[in-house]
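Participant: Give me coordinates for this.
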Amino acid sequence: MLNLKGFITATLTLMCSSAALFSPLAKAQQPPQGYLYGVGVGVNQEIYRGYKRRTIPLPLIGYRGEKLSVYGPFVSYQLLQHNNLTLNAKLAPRFAGFDDSDSDVFIGMAKRKNSLDGGLGVQFRQQNWVIEADTLVDLLGNSKGQESKLSVGYGWRFGPVQLEPKVGISYSDSKLVDYYYGVRQSEASANRMAYRAGSAFNYNAGFSLSNPLFGGMTRLGVEHHWYDNSISDSPLTDRDRGFSAFISWSTFF
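Facilitator: Take a look at the predicted model:
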């Protein structure tokens, strides 16, 4: 079983020591501040049997200030900044639930609810590199689980266009994984055996693209996900990888 405290400590140590790998460059341009609005949509290729994709429309009403950032349902508040290292408090929705109308494989199962996660995130920036580590817990007590993420990205700018490839790894504890991919004894059937899922390491790679269009900022993100055996071995799933994509447009009032 992973020692989560040790994982987080090692992550923070890695991020702090990363500064020695890069020489300083000019400071990043400060983003504009104020109230913003826009629209967005996310599409996730689900790995559940018979559930092809999840589409999430998001009206975006938000605010970007010196410390507070609100982008639709995603909220971040800067708690501490030292040189290129920033500590943030975060809120983020978890769109991962299902009910028996989503697929035949869920018939006879209790509903799994979407949730709201909260926790801390650390970000380190140096030159064009961005290293981020987050640990979030289920604030609504649906899964009672938690997830930790580590990602590394590198940004290129081509005129007004910003491109950032990124790779990452996440650790989900057994409570989180079992809630969304486990099958309780009371839910077992002839076509769906009982299954208790353990913790999972998942991996992802993708890119984001930003471009000022139509008087605002358009963002596109695409990721490929590889899932741990504790997820792909579930009787609810039929593959071990999938894609997700997000596109949004926003502008300041």
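
Participant: which stretches of the stretch 151-253 of the chain form strands?
Facilitator: For the stretch 151-253 of the chain, the strands defined by DSSP state E, counting those that start in this stretch cover 156-158, 161-172, 200-213, 216-226, 241-252.

Participant: could those be laid out in CSV, adding distance to Gly121, mean pLDDT and mean neighbour count?
Facilitator: The way it works is simple: take the backbone N, C-alpha and C, and place the C-beta from them, glycine included. Below are these laid out as CSV (distance: least, CB to CB, whole Å; pLDDT from 0 to 100; neighbours: other CB atoms under 10 Å):
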stretch, distance to Gly121, mean pLDDT, mean neighbour count
strand 156-158, 23, 92, 10
strand 161-172, 13, 97, 17
strand 200-213, 16, 95, 16
strand 216-226, 17, 96, 16
strand 241-252, 18, 94, 16
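
Participant: Ok, which of those strands comes nearest Ser115?
Facilitator: Nearest of the strands of the stretch 151-253 of the chain to Ser115, taken as CB to CB: strand 161-172 at 12.8 Å.

Participant: who does the closest one touch, helix- and strand-wise?
Facilitator: In terms of contacts (3 or more CB pairs under 8 Å, 6 or more residues apart in numbering; DSSP states H and E), strand 161-172 is packed against strand 146-154, strand 156-158, strand 200-213.

Participant: ok now that strand, how far from the chain's centre?
Facilitator: From the chain centre to the centre of strand 161-172 is a distance of 10 Å (CA atoms, centre = their mean, to the nearest Å).

Participant: what do you get for stretch 176-190?
Facilitator: Distance of stretch 176-190 from its chain centroid, counting by CA atoms, centre = their mean, is 23 Å.

Participant: Give the buried residues for it.
Facilitator: Leu176, Val177, Asp178, Tyr179, Tyr180, Tyr181, Gly182, Val183, Glu187 (16 or more other CB atoms under 10 Å).
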